[in-house]
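Q: What follows is a predicted protein model with its sequence.
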Amino acid sequence: QASGGEDEIQQLQKALLDYLDENTEIDASLVFSRKFYIAQWFRDTTMETEKAIKSQKDEDSSEGAHHAKDVETTGQIMHRAESRKKFLRSIIKTAPPQFSTFKMNSGTVDYEDACLIVRYLASMRPFAQSFDIYLTQ
């Protein structure tokens, strides 16, 4: 299930980055927005991985069976993080001419769709998810 959600998020990220890339001629600031999003998602992946591994170590018990299970889970966490980073690196390395031909095959995203994607991806961030807690306090 997690990989399905990851694929969906990566598709949305790719669509947003495609939109930003398509419109850089209209607004030069979109180049910086695109780089910011890639850097932020890369940083988020690193932070989530570190947090997940730390929580695994905190929950680690002295029993061998639980330890083996935790190691496997940590391996899965690392694998998922590396696949996300590989996806982001592939987007960074893609040259604009290759990128534009690839975009023709994917669906185009307009301004309203891009706004919805940004809102959805922002809602997945830890601060947005804990906003209700902040309000109640």
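A: Structure received.
Q: Look up which helix or strand the nearest residue to V109 once chain neighbours are set aside falls in, please.
A: Setting aside the residues directly before and after it, V109 is nearest to Y19 in space (C-beta to C-beta, 6 or more residues apart in numbering), at 4.3 Å. (Each C-beta comes from the backbone N, C-alpha and C, glycine too.) For Y19, the host element (DSSP states H and E) is helix 2-22.
Q: Could you check the angle the next helix-or-strand element following that helix makes with helix 2-22?
A: With elements assigned by DSSP H and E, the helix or strand that comes after helix 2-22 is helix 29-59. Following axes from the mean of the first three to the mean of the last three C-alpha atoms, to 10 degrees, one obtains 160 degrees for the angle between helix 29-59 and helix 2-22.
Q: I'd like the average pLDDT over helix 29-59.
A: For helix 29-59, the mean per-residue pLDDT is 88.
Q: got a list of what the one residue sitting closest to the centre of the chain touches?
A: Nearest to the mean C-alpha position of the chain, by C-alpha atoms, centre = their mean, lies W41 at 4.7 Å. If you count contacts by C-beta atoms under 8 Å, 6 or more residues apart in numbering, W41 has them with 13, 84, 88.
Q: at 6 Å instead, please
A: Going by C-beta atoms under 6 Å, 6 or more residues apart in numbering, W41 touches L88.
Q: Return the distance of it relative to E6.
A: The gap separating W41 from E6 is 12 Å, by C-beta to C-beta, to the nearest Å.
Q: which residues do these two both contact?
A: Contacts common to W41 and E6, judged by C-beta under 6 Å, 6+ apart, are absent.
Q: By mean pLDDT, point me to the weakest helix or strand of the chain.
A: Every helix and strand in the chain was compared by mean pLDDT, DSSP states H and E; the lowest is helix 96-105, with a mean of 46.
Q: Check which element follows it along the chain.
A: helix 111-123.
Q: Buried residues, that next one. List them.
A: Residues of helix 111-123 classed as buried: 114, 117, 121 (neighbour count, 16 or more other C-beta atoms under 10 Å).
Q: and the closest residue to I91 other than its chain neighbours, how many neighbours?
A: Among residues not flanking I91 along the chain, L17 sits closest, at 6.0 Å (C-beta to C-beta, 6+ apart). By the criterion of other C-beta atoms under 10 Å, L17 has 24 neighbours.
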